[in-house]
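[1] Here is a sequence with its predicted model. Questions after.
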Amino acid sequence: MARKPTIADVAQRAGVSRATVSFALNDRPGIAEETKARVLAAAGELGWTPSRQGRALSLGKAGAFGLVLAREPEQVGADPFFPAFIAGVEAVIGRRGDGLMVHMTTPEQEHEVYARLAAERQVDGVLLTDLRHADPRPPLVRRLGLPAVVVGQREWGDGLPTVSLDDEPAYAAAIRRLAELGHRRIAHVEGPQEFRHAHRRRTAWEKTLGELGLPLGPLLPGGFTPEGGARATRELLALAEPPTAVVYGNDLAAMAGLSVAQELGVRVPEELSVVGYDDAPLTRYSHPPIATARADARGWGEAAARALDATIEGGEAVHVELPPAEFVPRASIGPAPRG
């Protein structure tokens, strides 16, 4: 196997010092244009490419952002939010050759992961998602001196920069539309309540029903998973007075709920209306297509990456507010069944 060319090889080919090669390749000032061109030509002829470690040392940067997720890998892979969000981050930082370092861990091991990222300078900054109540991460990254941006509401950031997107209007719009269609028993299958965004959606459901003068429908946990959505739907449809509509915490749970209803012979939307959240691509191709909320996860990732760039460069808290999620009505909702 041929030896990979080194910076010393480039220096020898160009007839300059290794320091000059480093300055030329990193576009540092003080190098004559003719010398820089000679170095670049030598690097091209040899097929030399910089190592990430070498680039980090020369630029004082790791060339990577960090995303630490305290979820099971299967959950992250199935959740439509994260692939789109990660694609948005990569669309911004990938243009300059940087990457996103994703770590899977548990809440109990988070401290160790962030401490290692900071101590070993593996990343230039981190994106904090899935904010929890009394979340220890904002004060932790501040103590570690690790630049960070919170993906969530401004009040969740504990003084850190935030990129927020309000999901309450979409939830309220969905419930109001169901009420207009005559529904009076509107259930909610909620996400994990330790997550502040799941609690926020539950609060929007409760608040909107109260404003409409409707009773709180049944409330069951769904865990943002297909298994949780299916289990909750079976319980709801087994009630003496089952709901005529169910608003789920996300599309995964809603799609599982739709499948269970069809398995049990409950027609959607004639006997049961179904609403999800996230606008996962498959919701458009289910039968019937599922009403949901569109939050533009990819755009959220792009905005978060730009905000982290600004934080690293300027060091000042930047708060970005994106357009709110939008309710997307589809054929899974209809008039409440009579009687």
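    Yep, it's here.

[2] Buried residues, stretch 32-41. List them.
    35, 36, 38, 39 (16 or more other CB atoms under 10 Å). Every C-beta, even on glycine, is put in place using the N, C-alpha and C of the backbone.

[3] Oops, could you answer that again for stretch 326-335 instead?
    Buried residues in stretch 326-335 (16+ other CB under 10 Å): 327, 328, 330, 332, 333, 334.

[4] which residues touch it?
    Applying CB atoms under 8 Å, 6 or more residues apart in numbering, the contact partners of stretch 326-335 are 169-170, 173-174, 177-178, 181-182, 245, 258, 268-270, 273-275, 279, 283-284, 286, 288-294.

[5] Which among the residues you listed count as buried?
    Counted by 16+ other CB under 10 Å, the contacts of stretch 326-335 give 170, 173-174, 177-178, 245, 258, 268-269, 273-275, 279, 283, 286, 288-293 as buried.

[6] Strands - which of those land there?
    245, 273, 274, 275, 292, 293 (DSSP state E).

[7] just checking, what packs against the longest helix belonging to the chain?
    The longest helix of the chain (DSSP state H) is helix 297-314. Counting contacts by 3 or more CB pairs under 8 Å, 6 or more residues apart in numbering; DSSP states H and E, helix 297-314 is packed against helix 81-93, strand 125-128, strand 148-151, strand 162-164.

[8] Let me know the average pLDDT across the shortest one.
    If I follow you right, that is strand 162-164. Over the span of strand 162-164, the pLDDT mean works out to 96.

[9] List the neighbouring strands of it plus their orientation.
    Strand 162-164 has its sheet partners listed here by DSSP bridges as strand 148-151 (parallel), strand 319-321 (parallel).

[10] could you dump those to JSON lines with distance to residue 214, mean neighbour count and mean pLDDT?
    As requested, the strands paired with strand 162-164 are arranged in JSON lines below (distance: least, CB to CB, whole Å; neighbours: other CB atoms under 10 Å; pLDDT from 0 to 100):
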{"stretch": "strand 148-151", "distance to residue 214": "32", "mean neighbour count": "26", "mean pLDDT": "97"}
{"stretch": "strand 319-321", "distance to residue 214": "30", "mean neighbour count": "15", "mean pLDDT": "93"}
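
[11] For the stretch 1-150 of the chain, which segments count as helices?
    For the stretch 1-150 of the chain, applying DSSP state H, counting those that start in this stretch gives helices covering 7-14, 18-25, 33-46, 52-59, 73-78, 81-93, 110-119, 137-144.

[12] Could you check how far residue 308 is from residue 146?
    11 Å (CB to CB, to the nearest Å).

[13] residues bridging contact with these two, i.e. touching both?
    125, 126.

[14] Look at those two and report which has more neighbours.
    Set residue 308 next to residue 146 and count neighbours by other CB atoms under 10 Å: residue 308 wins out with 26 against 20.

[15] That one reaches residue 128, doesn't it?
    No: using CB atoms under 8 Å, residue 308 makes no contact with residue 128, being 10.1 Å away.

[16] hang on, the earlier thing: show me which of the buried residues of stretch 326-335 is closest to residue 79.
    residue 328 (18.3 Å; CB to CB).

[17] Can you tell me how far that closest one is from residue 102?
    Taken as CB to CB, the span from residue 328 to residue 102 is 28 Å.

[18] now residue 227
    Using CB to CB, we find residue 227 at a distance of 23 Å from residue 102.

[19] where are the low-confidence patches of the stretch 51-200 of the chain?
    Scanning the stretch 51-200 of the chain for pLDDT under 70 picks out the ranges 51-60.

[20] and of the strands paired with strand 162-164, who's closest to residue 95?
    Per CB to CB, nearest to residue 95 of these: strand 148-151, 18.5 Å.

[21] so how far is the closest one from its chain's centroid?
    Averaged C-alpha coordinates place strand 148-151 at 11 Å from its chain's average position (CA atoms, centre = their mean, to the nearest Å).

[22] now do stretch 280-293
    Chain-centre distance of stretch 280-293: 20 Å, with CA atoms, centre = their mean.

[23] Dump that stretch to CSV, restricted to CA.
    This file holds the C-alpha atoms of stretch 280-293, laid out as CSV (Å, rounded to 0.1, in the frame of the first residue of the first chain):
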residue,chain,number,x,y,z
ALA,A,280,-42.9,13.0,8.7
PRO,A,281,-42.9,12.1,5.0
LEU,A,282,-44.8,8.9,5.5
THR,A,283,-47.8,10.7,7.0
ARG,A,284,-48.6,11.9,3.5
TYR,A,285,-48.8,8.3,2.2
SER,A,286,-50.7,6.6,5.0
HIS,A,287,-54.4,5.7,4.4
PRO,A,288,-55.8,8.1,5.1
PRO,A,289,-53.0,10.7,5.1
ILE,A,290,-52.5,12.0,8.7
ALA,A,291,-53.2,15.5,9.8
THR,A,292,-50.1,16.9,11.6
ALA,A,293,-47.9,19.9,12.3
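
[24] Quick one: distance of stretch 67-83 to the chain centre.
    For stretch 67-83, the distance to the chain centre is 9 Å (CA atoms, centre = their mean).

[25] Span of that stretch from start to end?
    Length of stretch 67-83, first residue to last, CA to CA, to the nearest Å: 12 Å.

[26] sorry, back to before: want to throw the helices and strands packed on helix 297-314 into a markdown table with distance to residue 199?
    Formatted as a markdown table, those follow (distance: least, CB to CB, whole Å):
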| stretch | distance to residue 199 |
| --- | --- |
| helix 81-93 | 16 |
| strand 125-128 | 17 |
| strand 148-151 | 16 |
| strand 162-164 | 15 |
